[in-house]
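predicted model and sequence follow; I will ask about them next.
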Amino acid sequence: MATRQSSQVQVAIVGGGIIGLITALGLLRRNIPVKIYEQSRSFREIGAGVAFTANAMQCMALLDPVIVDAVNAVATPNGEDSSKPNDYLRYHDGYHWDPNDPEGTDDKLLFLLHSGYKGFQGCHRANLLDELVKYIPSHAVEFGKRFIGYNNRGLGEKVLLQFGDGSTAEADIVIGCDGIKSKVRQLLLGAENPASYPYFSHKVAYRALIPMDRVEPVLGPFKSRNQHMHMGPRAHILHFPVAAGKLLNVVAFVTDHADWPLGDPNGVGNMTSPGTREGVAASFKGWGPTVTKIVNLLPDTIDKWAIFDTYDHPAPTFVQGRICLAGDAAHASSPHHGAGAGIGVEDALALCTLLEKATETLSQNPQVDTAAIIESSLEIYNKVRPPRSQWLVQSSREVCDIYEWVYPETQMDWDKCLAEITARSHKLWYFDIEGMLKTIHDNYDSHFPMRMDGGDSSEGAHVQMENNVIQVMS
């Protein structure tokens with residue numbers, strides 16, 4: 001006779017980055033036990049700036065209001081006066097200029113895009129992670145746990161997680177939030193599947209955080225404290241303030257036609273290499289004085305980041321049994337929309353909503369097999385989330401081409417550029433969150449029981465579903 005399971009769902013999250021922590025906080029808010037397994041000895045976040053739109057902030061509020069508190073504690077509104085944020089994103093021609101009239105021709109404003117009230121707020125990734133960590137109880141995380149495998153055992157059994165130190169753990173569901181190099185994705189899709197790995201987008205990014213007291217004397221207060229996109233042929237520079245206006249986050253994107261060997265036969269290797277300011281200057285040679293000034297503010301040595309994504313081989317599924325992917329582990333995107341983290345927050349909201357409904361089903365029907373409920377719930381997640389998130393991966397590549405004047409439908413027609421950027425941005429910013437939640441609820445309610453069917457005790461009871469029947473443990 002099978003052992004009757006607890007109606008409480010145990011969740012394991014692999015990866016303690018921003019999306020892993022946000023997902024965990026959403027689950028804890030719903031009284032769902034969760035454990036984060038992080039391979040490092042402490043929480044750490046790679047990268048410099050990250051921005052969230054109002055849409056992402058709304059998702060955070062639905063997950064747990066403390067997430068919004070964490071973002072607001074470290075967010076820097078766009079503009080010179082934080083009490084009066086500038087809600088317009090600026091797009092400039094950073095390339096064309098007349099040496100005989102530099103002041104009149106340099107860095108011409110091409111168009112503005114309204115982002116809504118506080119629609120663009122920049123954060124330093126490490127600062128945000130530090131704020132989120134404050135809300136994670138110590139019992140909900142284990143460090144030094146390098147995930148190496150899992151055994152998705154049959155119904156009536158928990159999933160077994162395996163770690164590099166030889167230890168194991170059990171959970172009813174495993175959520176892979178382990179980023180672009182995701183080991184969970186590799187195991188879920190298979191080592192021979194090209195979708196298990198990210199691929200080089202032939203763009204590199206030079207990233208720097210520059211003290212604002214160095215920036216303002218060079219660029220002036222307006223350019224220093226407002227988001228700017230400096231566009232040009234096959235390259236562009238983005239900058240915006242972070243760290244309460246104490247730092248300027250600068251990212252210079254350059255086309256790189258060469259291959260980027262990862263150098264790790266067992267997984268995904270290094271995505272960065274040493275770079276120099278001189279190397280960046282060579283890529284922007286001949287551009288306008290403003291762009292030249294920005295490049296000259298960069299440190300002598302600077303990291304060169306290869307931009308990888310899942311565009312070439314999107315994951316055919318985000319789910320296998322009781323294992324699922326979220327955030328970059330599922331749909332790593334290039335950063336040109338600035339929406340990868342926000343889409344990951346949407347994933348977290350979808351998962352937390354489904355798992356809350358699953359726990360309600362189990363509490364009302366404690367004899368139902370937990371594994372079957374989880375698997376069916378994740379099938380809904382796998383139906384709802386991939387179309388939008390994989391659209392982002394594609395659109396992010398394309399919007400980069402718009403910024404760099406090589407997108408066939410827009411090229412250097414500024415009206416068409418603005419129309420295309422606006423349409424894509426609005427699809428991201430004004431996502432119908434309530435519509436997504438309604439779809440989740442409707443799908444769940446159509447699958448799961450309106451009633452419990454009693455039966456011969458030797459055969460067990462059953463839960464009626466749309467297309468199949470779930471066995472109840474007896």
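Right, received. Where do you want to start? Please read these numbers as outputs of a predicted model, since none were measured by experiment. Numbering: from 1, shown residues only.

hey, let's count contacts and neighbours off CA atoms from now on
Noted.

got the contact list for the most centrally placed residue in the chain?
Closest to where the C-alpha atoms of the chain average out (C-alpha atoms, centre = their mean) is Ala341, at 2.9 Å. Applying C-alpha atoms under 8 Å, 6 or more residues apart in numbering to Ala341 gives the contacts 18-19, 50, 52, 327.

equivalent analysis for Leu351, please.
Contact partners of Leu351, counting by C-alpha under 8 Å, 6+ apart, are 378, 381.

please report the distance of it from Phe43.
Distance, Leu351 to Phe43, by C-alpha to C-alpha, to the nearest Å: 22 Å.

try Val141
Computed as C-alpha to C-alpha, the Val141 to Phe43 distance reads 10 Å.

out of those two, which sits in the busier spot?
Between Val141 and Phe43, counted using other C-alpha atoms under 10 Å, the more crowded position is Val141 (21 against 18).

angles on the backbone of that one, please.
phi -150, psi 140 (degrees, to the nearest 10).

same question, the one 4 residues further on
Here is the backbone geometry of Lys145 (degrees, to the nearest 10): phi -110, psi 90.

show me the contacts for the residue lying closest to it once chain neighbours are set aside.
Nearest non-adjacent residue to Lys145, counting by C-alpha to C-alpha, 6 or more residues apart in numbering: Gln39, 4.3 Å away. Shown in contact with Gln39 (C-alpha under 8 Å, 6+ apart): 15, 143-147.

pLDDT score for Gln39?
Per-residue pLDDT puts Gln39 at 92.

quick one: it from Met60, how far?
On the measure of C-alpha to C-alpha, Gln39 and Met60 end up 25 Å apart.

again with Phe52
Where Met60 is concerned, Phe52 sits at a distance of 10 Å (C-alpha to C-alpha).

repeat that for His124.
As judged by C-alpha to C-alpha, His124 and Met60 stand 18 Å apart.

does the residue nearest to the centre of the chain sit in a helix or strand, and which one?
Taking DSSP states H and E as the definition, Ala341 sits inside helix 340-364.

Three-state assignment for Ile307, please.
strand (DSSP: H, G, I helix; E, B strand; the rest coil).

state the pLDDT value of it.
pLDDT for Ile307: 96.

surely it touches Ser273?
No. With contact defined as C-alpha atoms under 8 Å, Ile307 does not reach Ser273; the gap is 11.8 Å.

for Ala275, give its distance to Ile22.
No Ala there; residue 275 is Gly. For Gly275, the distance to Ile22 - C-alpha to C-alpha - is 33 Å.

who has more neighbours, those two?
Ile22 (26 against 15).

and the helix or strand hosting the more buried one, what does it pack onto?
In this assignment (DSSP H and E), Ile22 forms part of helix 18-29. Counting contacts by 3 or more C-alpha pairs under 8 Å, 6 or more residues apart in numbering; DSSP states H and E, helix 18-29 is packed against strand 11-14, strand 34-38, helix 54-63, helix 125-133, helix 340-364.

run the chain-centre distance for the first one.
Between the mean C-alpha point of strand 11-14 and the mean C-alpha point of its chain there is a distance of 17 Å (C-alpha atoms, centre = their mean, to the nearest Å).

list the neighbouring strands of that strand plus their orientation.
Using DSSP bridges, strand 11-14 pairs in its sheet with strand 34-38 (parallel), strand 173-176 (parallel).

just want the phi and psi numbers for the residue nearest to Lys145.
phi -70, psi -30.

tell me where the stretch 151-300 of the chain has helices.
183-189, 212-225, 277-283, 289-297 (DSSP state H, counting those that start in this stretch).

please identify the most buried of the ones you listed.
Comparing those by mean neighbour count (mean count of other C-alpha atoms under 10 Å), helix 183-189 ranks first with a mean of 23.
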